[in-house]
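Prediction below, plus the sequence it came from.
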Amino acid sequence: MAAAVTRAPGAPPAVGTELPALRLDVTATFVVATALATRDFQDVHHDRVAAVARGSKDIFLNILTTTGLVQRCVTDWAGPAAVVRAVSIRLGVPCYAGDELVLGGRVAAVEAAHAGGPEGVEVLVEVVGRCGLGDHVTGTVKVVLP
Amino acid sequence: MSAGVAPVADAVQDPAERIREAARRLVEAGDCAPRPARDPVNEPMINNWTEALGDANPAYPGIAPPAMVQVWTMGGLHGQRADDDPLGAMTRVLDEAGYTSVVATDCAQTYARALRPGERLAVRARLTDVAGPKRTALGEGWFVTTVSTWTVDGEPVAEMMFRILKFRPPPPPPPPRQVPRPQVNRDTAYFWEGTAVGELRIQKCGECGALRHPPGPMCPRCGATRPGYVVASGRGEVYSFVVHHHPPLPGREVPFVVALVELEEGVRVLGELRGADPGAVRIGAPVEVDFDRIDDELVLPAWRPR
Amino acid sequence: MSALSGAASVVGIGATEFSKDSGRSELQLAAEAVRAALDDAGLRPSDVDGLVTFSMDANAEIAVARELGVPRLRFFGQIGYGGGAACATVGHAAMAVATGVADVVVCYRAFNERSGHRFGRVAAGATAAPTSGGIDNGWQYPVGLSTPAATVAMFAQRYLHEFGATSEDFGRVAVAMRRHAATNPRAWFHGRPITLAEHQASRWIVEPLHLLDCCQESDGAVAVVVTSTARARDLPHPPAVITAAAQGSGADQFTMTSYYRDDLTGLPELGLVARQLWAQAGIGPADVQVGMLYDHFTPFVLVQLEELGFCGRGEARHFLADGGIELDGALPVNPHGGQLGEAYIHGMNGLAEGVRQIRGSAVNQVADVRNVVVTAGTGVPTSGLVLAVG
Ligand SMILES: [Zn+2]
């Protein structure tokens, strides 16, 4: 799966810049594959019968995957040279198998990187991930761009 | 590094105070012992992760995706929480107090530097805050915050604030009321279709106009078999009534009143009289129709005082 | 006088013990009662060529015939509408005998109504039967009117309202029945009379009915043997001659819920029975020495006294207050204690007591009995008999 790096290298981004949307078909396979790749073996992420028995309508994405997808939404745009310093998320509605998850971001702040860290500008991106039930995740990603 | 957290003294009776006391001790206990990752940071697990999440960043697997930090120290398929794990201990306290359900609310990770294949991680965790009881959309609960620190050879490389809500699940909805269900046939369907839409329908002969309840297929006055209906005003008076005490009946709490009501239109209809003191019901009391919704398929005629 | 009047007689009565747990099948109860009735009549199973029971009875005529070794049945049938069938079983038997269709017909009712299926509980599936009755039940059961006591209470409330009667007037029936039962060794409540205060203090079942307004629940069986009055002369006991037998169903009739008539204080179906009884027998209320009145719930005993003409409409409470239904009253009612005191066998034990009163063999025997009127279940399509000395 090739992700286009859409940010023009060189110039720092302007506050308000919208990131390209990241659209994901959250198939059952996606839910199960990402749960296992993050070593999360809780049954609600791979066993539909168990998930329904626990009151869910289906298996759903695990938190570690959501964290990784929020990060990906930003790094797809920022490119391989960007250094991720923080990912902070607040969880909303569950994202069930069969849903579509659309992640989008907006540059909220740009400032000089702190001394002692990687050089460049530190960019704060606000990210929202929406699925059929509403906001699945809201959060921020802090990256340093060279 | 602590282990044995003394149990909260039984003398503390107030449940909220017991929880706060347990939280204080766990916060004071600080970090649990570091728990080493099963595997060093490694390319195969990075590749599994990027493949599953569809992340094509070419920086991987030369470095590990930063958001993957927690993956390295996950407990795995047969994992058990360590005895001194502060989140486990706090969870037990809240479970015992009835806050048995859990939902994660916040997760904030910071990364001091990138991790490369071959590095061996360990993680330790401490309880930092327990706040509650708070009313939430899910029910009353406590927000429990922990901070985990990942180290490589003692050097902190990443930190995570993790917050869950431990809440008391709301009581399950009452089971659907089970009452004997009327048999509906082509002679009576109009009546039950009426109650379903909030209409008290009375059979009216399509020939002579006679009103009739309970209904039937042939008019006893003129012999016509063209029944229609009118929608009753719903107003009437108690013609007779009973107060049921025994035996217990499915779908009803005793005592309850069943009234035979004579409608303004002159026909009588049976129904439960709701919202009236059983001891104060009298023949002749004015009532109006009410509708007792049992479920999506059955609405019973009922009465209320007017 | 009709062609039926006097043609047939009850010549044998039989019963099991009355209990709360018979410990045997309903078919066994039926077979025991029928055999006892035949023994009482001095007849053998091979003499029987007709069997009649209630449609509510669980024991088919052929099953009872098998147990007794009855070799051939020429006449059999089941009467509907619960306890309303009681006198009609004998009425149908009398018609069969009078017309020569059958010679010896046994009428029976057997059940484990206490230890098995209890009528006082909510009948599961009452609204499910794909019949007119199932549809009828759909107007009452779903809205919470779902026990016999509740259906009678609806009539009783209106009766109290229209006639200024009180719960104590109902209670006087219960007190009298328990007083009669107290001296009947076969009665469940033998030796256990009650006071009016105890009636008033008993818990509500369905207002305005107290527990002691409701008859007991019983296990047991009763059977009676009907044959021609001519043949009866050759049998051991004096015949109880059936001088009248009638059934009745009124306008806009329902089973227990005839609530849609102009008036709710009478039992027009019983009034219809009463008029036929007096006409067939050629007598009137004044010619009756004992009343065997169906007493599943006390209020309808008052209404029966009025419909049968023993007192005027709404005046039964005065009749009761004057001791009218006591053993020495104007119309001794149910000297055996009725269903409130002896046992609830769907009216058939009252019918048997009527035969004993004619024979002069009852434990609480009324003097100089010449005519006995017997009624059946009330609030339903019903039936009645006049029995007379031969
Ligand atoms: Zn008509």
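Perfect, I can see it now.

Next, name the residue at the spatial heart of chain C.
For chain C, C:Gly347 is the residue whose C-alpha lies nearest the centre (CA atoms, centre = their mean; 2.5 Å).

Can you dump the C-alpha atoms of the lowest-mean-pLDDT helix or strand in chain A in PDB for me?
Ranked by mean pLDDT, DSSP states H and E, the weakest helix or strand in chain A is helix A:48-53, scoring a mean of 90. Provided in PDB are the C-alpha atoms of helix A:48-53 (Å, rounded to 0.1, in the frame of the first residue of the first chain):
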ATOM      1  CA  ARG A  48     -17.200 -12.000  16.700                       C
ATOM      2  CA  VAL A  49     -19.300 -14.400  18.900                       C
ATOM      3  CA  ALA A  50     -17.400 -13.400  22.000                       C
ATOM      4  CA  ALA A  51     -17.600  -9.700  21.100                       C
ATOM      5  CA  VAL A  52     -21.400  -9.900  20.600                       C
ATOM      6  CA  ALA A  53     -21.700 -11.900  23.900                       C
END
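
does any part of whichever helix or strand comes after it sit near chain B?
Under the assignment DSSP states H and E, the closest C-terminal helix or strand after helix A:48-53 is helix A:63-78. Yes. Against chain B, helix A:63-78 shows contacts by CB under 8 Å from any CB of the partner chain at A:63-65, A:67-72, A:75-76. The way it works is simple: take the backbone N, C-alpha and C, and place the C-beta from them, glycine included.

What is helix A:63-78 packed up against?
With contacts taken as 3 or more CB pairs under 8 Å, 6 or more residues apart in numbering or on different chains; DSSP states H and E, helix A:63-78 sits against strand A:22-26, helix A:28-37, strand A:83-91, strand A:99-112, strand A:121-131, strand A:134-145, helix B:43-53, strand B:101-111.

what's the angle from that helix to strand A:22-26?
With axes from the mean of the first three to the mean of the last three CA atoms, to 10 degrees applied, the angle from helix A:63-78 to strand A:22-26 works out at 150 degrees.

ok now do whichever residue of the stretch 201-350 of chain C sits closest to the ion, which residues does it touch?
Nearest to the ion in the stretch 201-350 of chain C, going by CB to the ion, is C:Asp252, at a distance of 14.6 Å. Neighbouring residues of C:Asp252 by CB atoms under 8 Å, 6 or more residues apart in numbering or on different chains: B:220, C:258, C:260-261.

Any of those buried? List them.
Buried members of the contacts of C:Asp252, counted by 16 or more other CB atoms under 10 Å in any protein chain shown: C:258, C:260.

ok, the contacts of C:Asp252 vs C:Gly82, which is closest?
Ranked by distance to C:Gly82 (CB to CB), these are led by C:Ser258 at 13.7 Å.

Could you tell me the model confidence score at the closest residue to that closest one other than its chain neighbours?
Ranked by CB to CB, 6 or more residues apart in numbering or on different chains and with sequence neighbours excluded, the top spatial neighbour of C:Ser258 is C:Asp252, at 6.4 Å. We have a pLDDT of 96 for C:Asp252.

re earlier: can you put the helices and strands packed on helix A:63-78 in a markdown table and add mean pLDDT and distance to C:Ser22?
Shown next, in a markdown table, are these (pLDDT from 0 to 100; distance: least, CB to CB, whole Å):
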| stretch | mean pLDDT | distance to C:Ser22 |
| --- | --- | --- |
| strand A:22-26 | 97 | 67 |
| helix A:28-37 | 98 | 62 |
| strand A:83-91 | 96 | 67 |
| strand A:99-112 | 94 | 65 |
| strand A:121-131 | 96 | 67 |
| strand A:134-145 | 96 | 66 |
| helix B:43-53 | 98 | 72 |
| strand B:101-111 | 94 | 54 |
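
So for the ion, which of these sits nearest?
For the helices and strands packed on helix A:63-78, distance to the ion was read as CB to the ion. The smallest value, 58.1 Å, belongs to strand A:134-145.

Grab the most central residue of the chain for me.
Went with chain A since none was named. Nearest to chain A centroid, counting by CA atoms, centre = their mean: A:Val70, 1.3 Å.

Just the closest residue of the stretch 1-150 of chain B to the ion, please.
At 57.8 Å from the ion, B:Ala137 is the closest residue in the stretch 1-150 of chain B, using CB to the ion.

Repeat that for chain A.
Residue of chain A nearest the ion, by CB to the ion: A:Lys57 (53.6 Å).

was I right about that residue contacting A:Gly98?
No. Between A:Lys57 and A:Gly98 there is no contact under CB atoms under 8 Å: 9.3 Å.

Give the residues shared as contacts by these two.
Common contact partners of A:Lys57 and A:Gly98 (CB under 8 Å, 6+ apart): none.

list the buried ones in stretch B:257-264?
Buried residues in stretch B:257-264, counted by 16+ other CB under 10 Å: B:257-263.

Tell me the one among these nearest to the ion.
When these are compared against the ion (criterion: CB to the ion), the nearest one is B:Leu263, at 18.7 Å.

circling back to that earlier point, list the ones among the contacts of C:Asp252 that fall in helices.
Judged by DSSP state H, those include no members of helices.

Leaving out chain neighbours, which residue sits closest to A:Thr140?
Nearest to A:Thr140 is A:Ser88, by CB to CB, 6+ apart, at 5.1 Å.

near the ion, which residues of chain A show up?
Contact residues, chain A versus the ion (CB under 5 Å from the ion): none.

before we move on, the earlier item: am I right that the residue of the stretch 201-350 of chain C closest to the ion is in a helix?
No. Membership of C:Asp252 in a helix is not supported by DSSP: H, G, I helix; E, B strand; the rest coil, which gives coil.

Tell me how far it lies from chain A.
Distance, C:Asp252 to chain A, using CB to the nearest CB, to the nearest Å: 52 Å.

Then C:Val363?
Distance from C:Val363 to chain A, counting by CB to the nearest CB: 67 Å.

Tell me how many other residues surround that residue.
By the criterion of other CB atoms under 10 Å in any protein chain shown, C:Val363 has 16 neighbours.

Contact partners for residue 50?
This is for chain A. Shown in contact with A:Ala50 (CB under 8 Å, 6+ apart): A:43-44.

hmm, I had chain C in mind actually
C:Gly50 sits next to C:73-76, C:93, C:96-97, C:101-106 when contact means CB under 8 Å, 6+ apart.

Tell me the bridge partners for it.
Beta-bridge partners of C:Gly50, counted by DSSP bridges, are C:Phe75, C:Val105.

What are the phi and psi values at C:Ala150?
Phi and psi for C:Ala150, reported as degrees, to the nearest 10, are phi -70, psi -40.

same check, this time on the one 4 residues further on
Backbone geometry at C:Met154, expressed as degrees, to the nearest 10, gives phi -60, psi -40.
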